[in-house]
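Novice: build the 3D model from these lines:
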Amino acid sequence: MQIVVHTVQGDRFQSQPLHSHDPVPDEAVWIEIHNPSNTAEAVDYVERLGLRLDMMEAAQNFDLYGHVEIDDQQVTALLRAERRGQGQESSKLAVVLGRGKLVTVAVGPTPAIDQAGSRLSASKPDTHPPTQILARILERALDRASQILDEAEDEVRLHSHQLFGSSSVARAEIDLEHMLSELGPKQARIVEVRYTNGVVARLLHILLNDPRVSLSSETREALEGMASEFVSLKEFAGTIEQELANLVDLTVGYIGIRQNASARWFSIVATVFMPPTLLAAIWGMNFQHMPELDDSYGYALALGLMLLSATIPLWVVRKLGWLNR
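Specialist: Numbers count the residues shown, from 1 in each chain. Next up, the predicted model:
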């Protein structure tokens, strides 16, 4: 378990690593806990700070996409990002705000925490540093969500252009199964972003409206701006999610069209060769009395009939336009 403590020294934030058995300075305003070996270790450490991380067993195990609650002493929020695929590592985050301290417990990659911590030294503390830092973390989370949605929008435009802006020859060369395998995880990622945004919006509402939370005027103004931005971000996420769903449906539809085209060609080939096969089967019988066997033109007649029986279905198929579809 890695611990970083942030304190206020004069008009600057100071950061220092801390061992789990070391006492936490009284002037600490933010305690970062990274990658505890198990949930109990993190819960015990938070309790040593006079706070709690025990909403419910499912919440302790971070078995939720997100949850926020507030009681007389603290605000607690849990978020989980479940990512699947090669190189995609899941992450979990617990945030506890109370007793003049902000505590974050992070498991896996948490860019919002990392960015807020790296930029904290360049910030000037206000009258309520814990909520100021939490506002910075939420701001980074908002930026990350916007980035993910922008990437998803670019992905939608790219695949839409491939499907509708390409010629029929170029479209036939597109690997639709690979495209579908890329769109599926992206769609799940948008769902995750919408869940996370809902949790952050709930947390913003509590910070702005609950009288038990202390905010400076600068932090309140920043949180109000983020709350407004989350409304538009929510609408944008819904639009992207719908566009991704439509694109997935269209891709599946094109896969079905290709499969139908392949099946149609097999049907055409079977139809063309079925009559000659029937004639060959008839003349391949071993009956004793078959007049055509004694006819000097029987062989040529049989080949001619086979060719004609194959040409007529092919002419009909061409007439119906099936060969051009």
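Novice: does Ala261 belong to a helix, a strand or coil?
Specialist: Using DSSP: H, G, I helix; E, B strand; the rest coil, the secondary structure recorded for Ala261 is helix.
Novice: could you check how far it is from Asp22?
Specialist: When distances are taken as CB to CB, to the nearest Å, Ala261 and Asp22 turn out to be 69 Å apart. In this view, the C-beta of every residue, glycine as well, is placed from N, C-alpha and C.
Novice: and the strands in the stretch 1-150 of the chain?
Specialist: If DSSP state E, counting those that start in this stretch is used as the criterion, the strands of the stretch 1-150 of the chain fall at 2-9, 12-18, 28-34, 66-70, 74-81, 91-98, 101-107.
Novice: now those strands as CSV including mean neighbour count and mean pLDDT?
Specialist: Written out in CSV, the entries for the strands of the stretch 1-150 of the chain read as follows (neighbours: other CB atoms under 10 Å; pLDDT from 0 to 100):
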stretch, mean neighbour count, mean pLDDT
strand 2-9, 17, 91
strand 12-18, 15, 90
strand 28-34, 22, 92
strand 66-70, 18, 83
strand 74-81, 23, 83
strand 91-98, 22, 88
strand 101-107, 23, 91
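Novice: of all those strands, which lies closest to Arg318?
Specialist: Checking those against Arg318 by CB to CB gives strand 74-81 as the closest, at 56.3 Å.
Novice: tell me what the closest one is packed against?
Specialist: In this structure, strand 74-81 makes packing contacts with strand 66-70, strand 91-98, helix 176-209, judged by 3 or more CB pairs under 8 Å, 6 or more residues apart in numbering; DSSP states H and E.
Novice: which residue is nearest the middle of the protein?
Specialist: Here the mean C-alpha position of the chain is nearest to the C-alpha of Arg189 (CA atoms, centre = their mean), at a distance of 1.5 Å.
Novice: that residue contacts Ala152, doesn't it?
Specialist: Yes - under the criterion of CB atoms under 8 Å, Arg189 makes contact with Ala152 at 7.1 Å.
Novice: got a markdown table for the strands of the stretch 1-150 of the chain, with distance to Ile255 too?
Specialist: As requested, the strands of the stretch 1-150 of the chain are arranged in a markdown table below (distance: least, CB to CB, whole Å):
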| stretch | distance to Ile255 |
| --- | --- |
| strand 2-9 | 47 |
| strand 12-18 | 53 |
| strand 28-34 | 44 |
| strand 66-70 | 35 |
| strand 74-81 | 30 |
| strand 91-98 | 33 |
| strand 101-107 | 38 |
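Novice: right, and the ones you listed - which one's nearest Ala145?
Specialist: With CB to CB, the closest approach to Ala145 among the strands of the stretch 1-150 of the chain belongs to strand 74-81: 10.9 Å.
Novice: okay, the angle between the closest one and strand 101-107?
Specialist: Counting by axes from the mean of the first three to the mean of the last three CA atoms, to 10 degrees, strand 74-81 lies at 20 degrees to strand 101-107.
Novice: got the CA positions of strand 74-81 in PDB?
Specialist: Output for strand 74-81, consisting of C-alpha atoms alone and laid out as PDB, is shown next (Å, rounded to 0.1, in the frame of the first residue of the first chain):
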ATOM      1  CA  GLN A  74     -18.500  12.700   6.200                       C
ATOM      2  CA  VAL A  75     -19.300  12.400   2.500                       C
ATOM      3  CA  THR A  76     -18.400   9.100   1.000                       C
ATOM      4  CA  ALA A  77     -18.400   8.200  -2.700                       C
ATOM      5  CA  LEU A  78     -17.400   5.000  -4.500                       C
ATOM      6  CA  LEU A  79     -16.700   4.500  -8.200                       C
ATOM      7  CA  ARG A  80     -15.700   1.600 -10.300                       C
ATOM      8  CA  ALA A  81     -14.500   1.400 -13.900                       C
END
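Novice: of the helices and strands packed on strand 74-81, which stretch is the most buried?
Specialist: Stretch with highest mean neighbour count among the helices and strands packed on strand 74-81: strand 91-98 (a mean of 22; mean count of other CB atoms under 10 Å).
Novice: so what are the sheet partners of it and their directions?
Specialist: Strand partners for strand 91-98, identified by DSSP bridges, are recorded as strand 74-81 (antiparallel), strand 101-107 (antiparallel).
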